[in-house]
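**Student:** below is the sequence, then the predicted model.
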Amino acid sequence: MRWRMLACSLTLTLACTGSPVFAAAPANQAEWSRAVQRHMISSFMFPPEARRLNGPISLSLKIIVLRDGSIAHISVDRSSGDDAVDLAATRMVKRAGPLPAFPADMTGEKTTLSLPLRFHQAQAEPAGGRAEDRGPPVDIVPRRYADAASGLAVTVPSPLRAGPAPERGRFDALIEISGPNGFPPRAQDAKYLCRVGFLAAPPLARGAKAPAAPTWQAQVKAAERRQRQRRASIELYDHYMLAGRQGIDYVVAPGAGPGHADTLEYYAELPLPQGRIRMACATQRDAMPAALAMFRQVRDGIALAPR
């Protein structure tokens with residue numbers, strides 16, 4: 001059985017009155033908020049106290065942070081309904097401290113953070129991992145497409161279909177996924193349901209060593225930077241293993257634009273020695289909860305043949 005945190009979001013709710021600038025701090029309040037979010041995400045795990053409970057578990061904590069980043073007080077704003085789980089979540093936040101010091105534009109002596117948490121416990125399952133990591137169920141016929149030149153291949157569950165994208169753009173290989181029966185539905189004005197691309201790594205100089213695989217935190221930071229440039233926000237993170245490497249996947253609410261309020265995007269990214277694999281999907285917001293499992297089946301059906 002595997003446990004994972006499905007959602008962890010931070011909202012800055014209150015800042016108080018002025019004081020001197022603290023030296024070692026992020027450049028501004030926006031950077032501070034993102035740094036705190038990354039720090040919290042990397043510090044949390046499923047609380048063992050919740051293993052006896054069924055279904056999703058949600059609660060909200062209120063955290064008072066002082067100017068130097070120390071956590072002054074933690075209280076339960078909205079209970080999970082179980083005292084042991086509330087206490088475990090409080091202890092995790094306490095262990096995560098201290099947080100980054102305030103930047104210059106946060107002039108208060110303290111600030112209050114609202115931290116909504118949502119945990120999900122997968123049900124008991126056969127050996128081999130959770131359902132979404134094992135690929136399509138046995139009663140679903142998979143379909144496969146491979147790009148011969150690059151070795152990129154994708155196996156998708158029926159009724160999805162995989163084939164070459166009309167254009168590769170900046171990718172060395174690009175495979176397009178479609179849903180002929182209308183589920184998952186494409187987002188409004190989207191040209192495709194999903195695409196899986198491979199971008200080859202530049203050749204190494206003679207005698208040079210391959211770069212180390214990026215950490216989970218580095219991958220999260222890079223994803224946040226890309227989405228920030230689009231004025232989009234990441235609503236959910238997870239990580240996964242494929243081909244012996246750790247990748248990340250995440251759900252994004254796109255920035256302002258026609259139809260964007262009803263759209264959610266799914267991304268999965270996997271760094272490999274040969275290059276980088278990136279999967280992108282776009283569906284309607286109300287379809288994402290059901291579509292997410294299918295997107296992850298596609299994700300787990302990605303392979304790259306050794307060259």
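**Tutor:** In hand now; what should we look at?

**Student:** CA only for contacts and neighbour counts going forward, please
**Tutor:** Noted.

**Student:** quick check: which element contains the residue nearest to the spatial centre of the chain?
**Tutor:** The centroid of the chain falls nearest to residue 237 when counting by CA atoms, centre = their mean (2.2 Å). Element membership of residue 237, judged by DSSP states H and E, is strand 233-242.

**Student:** give the rounded mean pLDDT of that strand.
**Tutor:** Taken as a whole, strand 233-242 has an average pLDDT of 85.

**Student:** other SSEs contacting it?
**Tutor:** Judged by 3 or more CA pairs under 8 Å, 6 or more residues apart in numbering; DSSP states H and E, strand 233-242 is in contact with strand 3-8, helix 216-229, strand 245-253.

**Student:** which stretch in those has the least confidence?
**Tutor:** Looking at the helices and strands packed on strand 233-242, the weakest mean confidence is strand 3-8, a mean of 35.

**Student:** ok, and the closest non-adjacent residue to the residue nearest to the centre of the chain?
**Tutor:** residue 250 (4.4 Å; CA to CA, 6 or more residues apart in numbering).

**Student:** measure that neighbour to residue 144 for me?
**Tutor:** Residue 250 sits 24 Å away from residue 144, going by CA to CA, to the nearest Å.

**Student:** more neighbours: which of those two?
**Tutor:** residue 250 (18 against 15; other CA atoms under 10 Å).

**Student:** mind listing the residues bridging to that one?
**Tutor:** Beta bridges link residue 250 to residue 237, residue 267 when assigned by DSSP bridges.

**Student:** so which of the helices and strands packed on strand 233-242 is nearest residue 39?
**Tutor:** Closest approach to residue 39 among the helices and strands packed on strand 233-242 is made by helix 216-229 (8.5 Å; CA to CA).

**Student:** would you mark the buried spots in the strand holding residue 237?
**Tutor:** 234, 236, 237, 238, 239, 240, 242 (16 or more other CA atoms under 10 Å).
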